[in-house]
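S.K.: return atomic coordinates for the entry below.
(one chain, ligands or ions: 2)
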Amino acid sequence: MKPAPVTSALTSARTVSPRTPDTATDSLSGRSVASAISPRKIIHCDCDCFYASVEMRDDPSLRGRPLAVGGRPDSRGVIATCNYEARRFGIHSAMSSALAVRKCPDLLIVPPAMDKYRAASRQIMAIYREYTELIEPLSLDEAYLDVTDATHHQRSATSIAAEIRARVAATVGVTVSAGVAPNKFVAKIASDWNKPDGMFIVKPHQVDAFVAALPVSKLFGVGRVTAAKLEQLGVRTCADLRDWEAVELHRHFGVFGQRLLELSRGIDSRPVRPDRERKSVSVETTYPIDLRTLADCAAEIPTLAAQLDGRIARAGAAAQIRKLFVKIRFADFQRTTVECMAVTPTVPALLALLEKGWARRAQPARLLGVGVRLVDGAGDAQPDLFAQPIEDAPHATC
Ligand code: DCP
Ligand code: MG
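M.R.: Residues are numbered from 1 along each chain as shown. Ligands and ions are numbered 1, 2, ... in the order given. The predicted model follows:
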């Protein structure tokens with residue numbers, strides 16, 4: 001659902017009040033005091049059907065026809081991604097290749113060539129670095145850029161984003177979609193708005209109206225469970241959420257209630273965290289109802305393992321795994337982590353770790369996480385942002 005046209009500047013006051021969220025980022029991002037009191041300029045860049053774009057670049061005969069990158073349909077292969085022609089048939093990442101071929105018998109599936117994708121990613125990140133040091137890669141094909149203090153193009157983030165898109169297309173041969181906004185959460189949604197090969201700008205005075213029309217499921221940290229709970233409460237859009245009292249939201253969602261309220265008003269003070277070495281990739285879920293038994297926990301492992309596989313693939317980190325771990329937070333908030341040496345996060349290995357961890361307290365669990373630790377110095381200096389839980393992220397800190 002697209003938001004209503006953004007027409008009024010009257011709505012801006014709550015969202016972009018001069019000092020509120022951005023001052024919090026000051027010490028973390030090292031930004032000047034002057035820039036901290038005006039809205040930030042964040043660009044979220046995300047390549048279009050990244051692996052498939054690289055393949056089409058290298059073999060133009062693949063263009064204009066349904067193409068996927070992934071495993072073979074006859075050996076339980078999975079689709080890593082597909083081009084937009086293939087998406088018209090309902091094909092998407094993580095679908096089994098066998099099903100994809102049933103949906104589109106003309107689909108051509110090529111095997112992944114990670115080295116090529118890593119090389120393209122390095123080139124793209126190098127272009128970003130010409131505009132700002134404040135770059136936070138989220139995966140091989142996705143990054144936040146804080147260009148608040150960038151001096152290019154008379155400080156126009158829109159022009160910077162346009163130039164970056166043109167340069168990546170010309171130099172690397174793939175298209176990047178971009179979102180420009182005063183914070184990460186809005187920039188990320190904006191980059192998806194005109195995909196593929198598009199750009200969407202949300203100016204500070206437009207944030208309030210833009211966010212009001214968004215479904216709550218778009219909010220950072222709102223996964224299926226929270227979205228369903230909100231739906232039960234009659235909350236579908238951010239505008240619906242704004243009608244709620246903080247105390248009521250707290251009653252239903254704990255500390256995440258406050259976060260929900262902020263996000264529904266377009267407030268997101270998370271700084272863009274520049275390159276840190278990526279040390280692990282993980283996913284975790286906080287359950288709305290505690291998992292009472294070991295069997296209940298075990299039943300969740302295949303889902304978590306599948307999510308983890310997707311994250312590892314997106315991070316291009318499969319070759320760098322050295323350990324697996326399972327994290328459990330029990331009903332009494334005590335946390336335990338069990339790990340073992342391994343190079344593949346298989347379900348049986350994760351189940352064995354779960355059993356060990358569970359035995360330490362043997363009481364209901366409110367959160368489960370699974371992850372992999374990577375070899376030291378691995379990757380392209382990308383951060384541990386995959387540690388961000390897939391479902392209901394902020395719950396994990398309650
Ligand atoms: N990837 C993967 N397995 C998944 C999801 C993604 O291997 N379950 C890989 C292939 C993608 C790349 O990560 O090309 C980037 O992931 P995105 O989610 O950004 O998807 P795309 O770039 O392919 O498509 P979009 O145009 O929607 O961004
Ligand atoms: Mg992408």
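
S.K.: nearest to ligand 2: which residue in the stretch 151-300 of the chain?
M.R.: Ser177 (7.8 Å; C-beta to the ion). The C-beta positions use only the backbone N, C-alpha and C, and glycine is treated the same way.

S.K.: which parts of the stretch 201-350 of the chain sit against ligand 1?
M.R.: Residues of the stretch 201-350 of the chain lying close to ligand 1 by C-beta under 6 Å from any ligand atom are 310, 313-314.

S.K.: so after the helix or strand hosting the residue of the stretch 151-300 of the chain closest to ligand 2, what's the next helix or strand?
M.R.: Counting by DSSP states H and E, the element that carries Ser177 is strand 176-181. Downstream of strand 176-181, the first helix or strand assigned by DSSP H and E is helix 184-193.

S.K.: separation between Leu367 and Thr171?
M.R.: 43 Å (C-beta to C-beta, to the nearest Å).

S.K.: more crowded one of the two?
M.R.: A count of neighbours by other C-beta atoms under 10 Å puts Leu367 above the other of Leu367 and Thr171, at 23 against 13.

S.K.: for the more buried one, which residues make a bridge with it?
M.R.: Per DSSP bridges, the residues bridged to Leu367 are Thr286, Arg329.

S.K.: what's the spacing between it and Gly77?
M.R.: For Leu367, the distance to Gly77 - C-beta to C-beta - is 32 Å.

S.K.: what does Asp208 give?
M.R.: From Asp208 across to Gly77, the span is 45 Å (C-beta to C-beta).

S.K.: do Leu219 as well
M.R.: Counting by C-beta to C-beta, the gap from Leu219 to Gly77 is 33 Å.

S.K.: and Gly371, by the same measure?
M.R.: Distance of Gly371 to Gly77, computed by C-beta to C-beta: 24 Å.

S.K.: quick one: which of these two has more around it?
M.R.: Neighbour totals were compared for Gly371 and Gly77, and Gly371 leads with 27 against 18 (other C-beta under 10 Å).

S.K.: strands of the stretch 51-200 of the chain, start to end?
M.R.: Ranges of strands in the stretch 51-200 of the chain, per DSSP state E, counting those that start in this stretch, are 67-70, 79-82, 108-110, 135-139, 142-146, 176-181, 199-201.

S.K.: quick one: contacts for the residue lying closest to Tyr287 once chain neighbours are set aside?
M.R.: Distances taken as C-beta to C-beta, 6 or more residues apart in numbering place Arg366 nearest to Tyr287, at 6.2 Å, with adjacent residues excluded. Contact analysis of Arg366 by C-beta atoms under 8 Å, 6 or more residues apart in numbering lists 286-287, 290-291, 329-331, 333.

S.K.: same check on Val101?
M.R.: Neighbour list for Val101: 73, 107, 109 [criterion: C-beta under 8 Å, 6+ apart].

S.K.: show me which of those is closest to Ala352.
M.R.: Set against Ala352, the nearest of those by C-beta to C-beta is Pro73 (30.8 Å).

S.K.: which positions within stretch 177-186 qualify as buried?
M.R.: With burial defined by 16 or more other C-beta atoms under 10 Å, the residues of stretch 177-186 counted as buried are 177-186.

S.K.: keep only those that also lie close to ligand 1.
M.R.: Of these, not one also sits near ligand 1 (C-beta under 6 Å from any ligand atom).

S.K.: any idea which of those residues is closest to ligand 1?
M.R.: Proximity of the buried residues of stretch 177-186 to ligand 1 (C-beta to the nearest ligand atom) peaks at Ser177, which lies at 7.0 Å.

S.K.: pLDDT at the closest one, what is it?
M.R.: For Ser177, the pLDDT comes out at 98.

S.K.: what is it paired to in the beta sheet?
M.R.: Asp46.

S.K.: spatially central residue in this protein, please.
M.R.: Leu138 (6.7 Å; C-alpha atoms, centre = their mean).

S.K.: for this protein, give me the ranges with low pLDDT.
M.R.: 1-37, 275-277, 376-398 (pLDDT under 70).

S.K.: contacting residues for the nearest residue to Gly71 once chain neighbours are set aside?
M.R.: Leaving aside its chain neighbours, Gly71 sits nearest to Gly77 (2.1 Å; criterion: C-beta to C-beta, 6+ apart). Taking C-beta under 8 Å, 6+ apart, we find Gly77 in contact with 70-71, 96-98, 109.

S.K.: who wins for neighbours among those?
M.R.: Of these, with other C-beta under 10 Å as the count, Gly70 tops at 26 neighbours.

S.K.: which residues does the nearest residue to it once chain neighbours are set aside contact?
M.R.: Distance criterion C-beta to C-beta, 6+ apart; nearest residue to Gly70, sequence neighbours excluded, is Ile79 at 4.1 Å. Counting by C-beta under 8 Å, 6+ apart, Ile79 touches 68-71, 91-97, 100, 109.

S.K.: the same query, at a cut-off of 7 Å, please.
M.R.: Counting by C-beta atoms under 7 Å, 6 or more residues apart in numbering, Ile79 makes contact with 68, 70, 91, 93-95, 97, 100.

S.K.: which ones among these lie within helices?
M.R.: Using DSSP state H, the subset of those located in helices is 97, 100.

S.K.: ok, of the contacts of Ile79, which come out buried?
M.R.: Neighbour-count burial (16+ other C-beta under 10 Å) applied to those gives 68, 70, 91, 93, 95, 97, 100.
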